[in-house]
Structure formats: structure tokens, C-alpha cells
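**Q** Need a 3D model of the sequence below.
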Amino acid sequence: MSTQQYELIFTRTGAESGEDVVLVSLTGTLGPGGHPVYVDTSGIVRAEISDQGEVRMLATGGHQDLAQHVVARPR
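**A** So this is what the prediction gives:
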């Protein structure tokens, strides 16, 4: 059984260092790695999250620069 929601934590570096947190919910679909896909309320942030908490960001439009090293925290 998959976790229903995660907080995705994006770390900013440089002059505006800090964290951005986005809440994502289970969609009922599987990503390319066979793990559940989660999406935020806007539909823009989509991520495949494994049962080990590994995050793979998924593009929702052209020319996106997908974040690396995103942390998923179960909610």
C-alpha cells in the first residue's frame, strides 16, 4: 500500500538559500520506474516516489528544468 501524500522538499542554494516544500498526493498511476506517481494541486509538480523514498521528478510540459536531489517526506 502506498503513502497517500508526501511533502517534496526542494533545497535552494546561493543568495536565496532555504527550502521550498510542495505537498503532493497519490494519483493512482505508475511512473516509468513502476512506482506510484504523485502530483500537487496545480498539476505542475509530478513525481514518481519509490517505497524507499527515492524521488524521480516527471516533466509536465516542454522546456522544464527538473529539480535534482529532491527529498520526499511522508505525510
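**Q** How about the contacts made by S25?
**A** Q4, Q5, Y38, V39, D40, T41 (CB atoms under 8 Å, 6 or more residues apart in numbering). C-beta here means a position set from N, CA and C on the backbone, and glycine is covered the same way.
**Q** Kindly report the same for V39.
**A** Neighbouring residues of V39 by CB under 8 Å, 6+ apart: V24, S25, T27, V45, R46, A47.
**Q** and the residues you listed as CSV, adding secondary structure, pLDDT and distance to F10?
**A** Shown next, in CSV, are these (DSSP: H, G, I helix; E, B strand; the rest coil; pLDDT from 0 to 100; distance: CB to CB, whole Å):
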residue, secondary structure, pLDDT, distance to F10
V24, strand, 98, 12
S25, strand, 98, 17
T27, strand, 97, 20
V45, coil, 96, 9
R46, strand, 97, 14
A47, strand, 97, 11
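**Q** my read: Q5 touches L23, true?
**A** Yes. At 6.2 Å, Q5 counts as touching L23 under the criterion of CB atoms under 8 Å.
**Q** Spit out the residues that contact the two alike.
**A** Common contacts of Q5 and L23, defined by CB under 8 Å, 6+ apart, comprise R75.
**Q** are any of the contacts of S25 buried, and which?
**A** Y38, V39 (16 or more other CB atoms under 10 Å).
**Q** about what we covered before: of the contacts of V39, select the buried ones using a ChimeraX command.
**A** Here is the ChimeraX command that selects the buried residues among the contacts of V39 (16+ other CB under 10 Å):
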select :24,45,46,47
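**Q** Which two among the contacts of V39 are spaced furthest apart?
**A** Across the contacts of V39, the longest distance by CB to CB is 11.7 Å; it joins T27 and V45.
**Q** quick one: low-confidence parts of the chain?
**A** 1 (pLDDT under 70).
**Q** OK, contacts around the residue nearest the centre of the chain?
**A** In the chain, the centroid-proximal residue (CA atoms, centre = their mean) is A47; its distance is 3.7 Å. Contact analysis of A47 by CB under 8 Å, 6+ apart lists Y6, L8, V24, V37, Y38, V39, V55, R56, M57, L58, V70, A72.
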